[in-house]
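**Q** next one to model:
(chains A and B)
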Amino acid sequence: MVVLDQHVVPPEHSSALLALCRGRWGGRIAASLEDTGRVCRIECRPEELREICEWLMRELQFTFATLVVEEQPAWSLTYVFYKDSNSLWVYVELRLDAGAGAVPSISGLVHGPSADWHEREIEDLFGLSFEGHPRLGEFVLHEDWPEGTNPMRRDFDAGQPLVDRPSEPRWQPPTIVAAPGAFSMPIGPVFADFAESAHFLLETVGEDVIRTIPRFFYKFRGVEKIAEGKPIDRVLLLAERFSGITAFAHGLAFCQAVEAICCIEVPERARALRTVFAELERLRHHAAVITGICNSTALAIAASQAALIEEDLLRLSCETGRHRYLFGLTTPGGLACDPSVEQSRHLAGAVDGIAGRLDDLHRMLRYSSSFLDRLEEVGIITAEHALSYGLVGPIARASGGSRDIRKIFPYAAYEGVDFRVPAETQGDGYARLRVFFQEAEQSATIIGQVASTLPGGPVSVDPPEWRAGVALSAVEAPLGAAFHWLRLGENGIVARYRMTPPSFTNWHGFHLAAENFAFQDFPIILASFGLSNAECDR
Amino acid sequence: MANWVLNGLRTGIKTTPYPRQPDDAPGVSPGRPRGTPLSSPDRAAELAQRCPTAAIVSQNSGVAIDQSSCVHCFRCHDDDNEDAAAWERGYEWAAYADESAKAQRKMDRIFRRSLHIRFVDAGACGACISEARQLNNPYYNMHRLGFFITPTPRNADVLLVAGPVSDAMRLPLRKTYQAMPAPKRVVAIGACAISGGVFGPSFAASGGVGQVIPVDVVVPGCPPPPLAILHGLLLVVERKPPSVLVSPPREREASPP
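**A** Numbers count the residues shown, from 1 in each chain, chains lettered A, B, ... in the order given. Sure thing, here's the model as predicted:
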């Protein structure tokens, strides 16, 4: 048991952290600095893993980012941590023999729930077991996958055809609530509207829903597996298209990983334009979420106004970035097209106009009490839960978090941009709506700043020699922090591609907001999260 | 208090002129490559090489495009380079999945202005879903054409499906189809739903909706813009003529030896 020491000063610099590590753990671990001090790597044995993770999260206030498993053929597990106040990654690395049994689970720690879904996913896809995890088993692969199928293992052939299994599934929804008159209300996977496939089981005693049991991964397409062994230009298609509504952010994350491995210097103009398009995507995405929230409360005119803004932004993306969802725009080394002076001027002007319309909409919504009644104190996520579940993006920022990858690890041209990260504390549906509005406003500000001072020069560099190596790339996608871990083999062949999208992180905390609420609030809670299942399920 | 009615009236009418007249507003469609004669076979081969999904087929007289697998990657597109693929604007892209079977699949005239649609997401990336959702926004407003989304398959005439059909969505998709009364039609939207797109066929997804349930109309695109999906629905009720999937026809198919 680690005793919380109030006097430990969070290290601001990597060398201080290194000294702290060596002082605390001595010869039991091997700690080193890499990548000019941006990464602190701690190699440890299974016995120390839980203690080190607890130490990082509780005493040094690090946040769990992702868990990367690689089979080489011995197992290598990399637990990635980061924190708000400095641009420093911590990799806790565990190596196990090929025949090794269970890995200690870190899900039971105080801030451990953030690793919960990662461990469940790895157990399902790799067949690695986690000792002490409260609930392993059927997760990504639903019940009708043959027992013992671990598609992420190296010996599993991704190209084998999908086996048609006509049987009825054995799956029965779990019931937890035992009360007179209690029953379960299943919702999904096919919805009444244009919704993404997911299943929610509402346990209810009539009017009030006691708890919600979500079930995801209906849309599992094995993207990480089918990326393996493919060249960079093919994997870029997957990186963009696994989540079409946030395609630019994920495509950019992938390209940045390739650029880091191959030491590609991206031209200044491309970095500025990447910032512009990333914010254009965020603006459009948030307009879509606002449309969804207005729709869920049946406020038809507000929903129409937001939908007009969304469509205008889609058209603007198509005019300036060729594609309505900005597919095919970012490439390793820069951008695939270069907007003309008129186009960038048109973009800045149009975004400015749209920001004004969003502001008008926000003002009118603030004075619509019937609308606010539906959102206030609905679907609350507390600050403690947001922290312990490691939630990211607008959801976390509505619950007191202020984490933003654009500030912690500035990429593209964000370092030179002046913008504010909104923070609200109530954690309810209305706080989330306000965050979406404020972030959209900030995105418009960023586009205004960057598009008016675009540097000249080329927009991409020629494709270089591909190199072998590994890199972690982080971007602030519209829904929050996205972590892309890429390992390239010889000749630009992808050996391992692990993506941790924000929807995966945030869906994990969704059930916390969907407890003890009135039935008719469910669509509103769902809409106020604005999460994507395609992004989560991959 | 907010006066929403006034706010709505002030906005005015935004509806697209389509299908009465073409909609040429900028940004309604990203366009797509067009099959074209090219002077040298080398250029055709080079163009085919650039396509990551084998949608560009090089043949003696130029290139043919198989729209069912084009994913709008823009790698064959270059405004300043004459070696690039020719680009067509427009959005009337929907075609019959099986040209030869269309005679038997006529939809009764009674459905022409009252068509109820059920949507299933069979593993789509979100872009196709977003584009389908736009059909309800004031620009496209499909209600004016007599197209409605219905919350139950029992009332549905058309099943609109996006995505390559992931493993877990096969059963829900089949059940939805079976729950629909006859006559029923299936419209597959997007490259994934037609051919598996960039995801399938693989161990986790099949190579399109057609491998799970019979498909009548396909709407190519990645994603197809809202007007293309609208064209697909209009095609189901024969209010618009179809486009073709491969153009120009592959040479060996056109003239067998």
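**Q** any chance you could map the strands in the stretch 1-150 of chain A?
**A** A:30-34, A:39-44, A:63-71, A:75-83, A:86-96, A:102-104, A:129-131 (DSSP state E, counting those that start in this stretch).
**Q** check the offset of the third one from the chain's centre.
**A** When you say that, I think you mean strand A:63-71. Taking Cα atoms, centre = their mean, to the nearest Å, the mean C-alpha location of strand A:63-71 is offset from the chain mean by 13 Å.
**Q** could you do the fourth one as well?
**A** Its chain's C-alpha centre and that of strand A:75-83 lie 16 Å apart, by Cα atoms, centre = their mean.
**Q** again, but for the fifth one
**A** How far strand A:86-96 lies from its chain's middle: 19 Å, per Cα atoms, centre = their mean.
**Q** give the partner strands of that strand in its sheet and their orientations.
**A** strand A:39-44 (parallel), strand A:75-83 (antiparallel) (DSSP bridges).
**Q** domain ranges for the chain?
**A** Defaulting to chain A. A:14-131, A:183-215, A:223-537 (automatic domain parsing).
**Q** ah, I was thinking of chain B
**A** Following automatic domain parsing, chain B resolves into domains at B:32-88, B:95-236.
**Q** can you add mean neighbour count and mean pLDDT and give those back as TSV?
**A** Every C-beta, even on glycine, is put in place using the N, C-alpha and C of the backbone. Formatted as TSV, the entries for the domains of chain B read as follows, by neighbours: other Cβ atoms under 10 Å in any protein chain shown; pLDDT from 0 to 100:
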stretch	mean neighbour count	mean pLDDT
domain B:32-88	18	79
domain B:95-236	22	89
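**Q** re the thing from before, need the strands paired with strand A:86-96 in CSV with mean pLDDT, can you?
**A** Converted to CSV, the strands paired with strand A:86-96 look like this (pLDDT from 0 to 100):
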stretch, mean pLDDT
strand A:39-44, 86
strand A:75-83, 90
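**Q** same list (these) but as CSV, adding mean neighbour count.
**A** CSV is the format used below for those (neighbours: other Cβ atoms under 10 Å in any protein chain shown):
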stretch, mean neighbour count
strand A:39-44, 20
strand A:75-83, 20
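**Q** one step back: just so I know, which of the domains of chain A lies nearest residue A:140?
**A** Among these, the nearest to residue A:140 by Cβ to Cβ is domain A:14-131 (4.6 Å).
**Q** span of the closest one from start to end?
**A** End-to-end span of domain A:14-131 (Cα to Cα, to the nearest Å): 31 Å.
**Q** is the residue nearest to residue A:306 when sequence neighbours are not counted in a helix, a strand, or coil?
**A** Once flanking residues are discounted, residue A:306 sits nearest to residue A:291: 3.9 Å by Cβ to Cβ, 6 or more residues apart in numbering or on different chains. Following DSSP: H, G, I helix; E, B strand; the rest coil, the label given to residue A:291 is helix.
**Q** ok, now which ones touch residue A:291?
**A** Residues near residue A:291 by Cβ atoms under 8 Å, 6 or more residues apart in numbering or on different chains: A:303, A:306, A:307, A:309, A:310, B:137.
**Q** related to what we said a few turns ago, just the domains of chain A: most buried one?
**A** Compared across these, domain A:223-537 shows the largest average neighbour count, a mean of 21 (mean count of other Cβ atoms under 10 Å in any protein chain shown).
**Q** ends of that one, what's the gap?
**A** Span of domain A:223-537 from end to end, Cα to Cα: 9 Å.
**Q** roughly how far is that domain from the heart of the chain?
**A** 10 Å.
**Q** cool, and stretch A:73-92?
**A** 16 Å.
**Q** show me where chain B has its strands.
**A** For chain B, applying DSSP state E gives strands covering B:32-34, B:36-37, B:56-59, B:62-66, B:86-88, B:95-96, B:115-121, B:147-149, B:158-162, B:185-189, B:217-219, B:246-247.
**Q** of those, which is nearest chain A?
**A** strand B:115-121 (4.6 Å; Cβ to the nearest Cβ).
**Q** tell me the strands beside the closest one, with direction?
**A** Assessed with DSSP bridges, strand B:115-121 is paired to strand B:147-149 (parallel), strand B:158-162 (parallel).
**Q** residue B:221 contacts residue B:227, correct?
**A** No: using Cβ atoms under 8 Å as the test, residue B:221 is too far from residue B:227 to be in contact (10.3 Å).
**Q** the stretch 151-257 of chain B: helices as residue ranges?
**A** Ranges of helices in the stretch 151-257 of chain B, per DSSP state H, counting those that start in this stretch, are B:170-179, B:191-195, B:226-236, B:251-254.
**Q** my guess is residue A:467 contacts residue A:487, does it?
**A** No: contact criterion Cβ under 8 Å: residue A:467 and residue A:487 do not qualify, at 11.6 Å.
**Q** show me where pLDDT drops low in the stretch 101-250 of chain A?
**A** A:110, A:112, A:162, A:165-170, A:173 (pLDDT under 70).
**Q** how does it look with 80?
**A** For the stretch 101-250 of chain A, the stretches flagged by pLDDT under 80 are A:101, A:108-112, A:134-138, A:143-144, A:146-148, A:159-180, A:188.
**Q** taking it, what residue is nearest to chain B?
**A** residue A:244 (2.8 Å).
**Q** ignoring the adjacent residues along the chain, who's closest to that residue?
**A** residue B:127 (2.8 Å).
**Q** quick one, what contacts the one you found?
**A** A:241, A:244, A:245, A:247, A:324, A:325, A:327, B:190, B:222, B:223.
**Q** mind putting these into JSON lines with distance to residue A:17?
**A** Putting the contacts of residue B:127 into JSON lines (distance: Cβ to Cβ, whole Å) gives the following:
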{"residue": "A:241", "distance to residue A:17": "38"}
{"residue": "A:244", "distance to residue A:17": "39"}
{"residue": "A:245", "distance to residue A:17": "37"}
{"residue": "A:247", "distance to residue A:17": "35"}
{"residue": "A:324", "distance to residue A:17": "44"}
{"residue": "A:325", "distance to residue A:17": "40"}
{"residue": "A:327", "distance to residue A:17": "40"}
{"residue": "B:190", "distance to residue A:17": "47"}
{"residue": "B:222", "distance to residue A:17": "45"}
{"residue": "B:223", "distance to residue A:17": "45"}
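**Q** between the helices of the stretch 151-257 of chain B, which gets nearest to chain A?
**A** Among these, the nearest to chain A by Cβ to the nearest Cβ is helix B:170-179 (5.2 Å).
**Q** for that closest one, packing partners?
**A** Contacting helix B:170-179 under the criterion 3 or more Cβ pairs under 8 Å, 6 or more residues apart in numbering or on different chains; DSSP states H and E are the following elements: strand B:115-121, strand B:158-162.
**Q** tell me the residues of the stretch 251-400 of chain A that contact chain B?
**A** A:288, A:291, A:299, A:301-302, A:304-305, A:307-308, A:310-311, A:314-319, A:322-325, A:327-329, A:336-337, A:364-365, A:367-369 (Cβ under 8 Å from any Cβ of the partner chain).
**Q** just list whatever residues bridge to the closest residue to residue A:30 other than its chain neighbours.
**A** Leaving aside its sequence neighbours, residue A:30 sits nearest to residue A:43 (Cβ to Cβ, 6+ apart; 4.4 Å). Beta-bridge pairing for residue A:43 (DSSP bridges): residue A:30, residue A:93.
**Q** OK, contacts around the residue nearest to residue A:46 when sequence neighbours are not counted?
**A** Spatially, and ignoring its direct neighbours in sequence, residue A:46 is nearest to residue A:104 (5.5 Å; Cβ to Cβ, 6+ apart). Residue A:104 makes contact with A:46, A:47, A:49, A:50, A:130, A:131, A:132, according to Cβ under 8 Å, 6+ apart.
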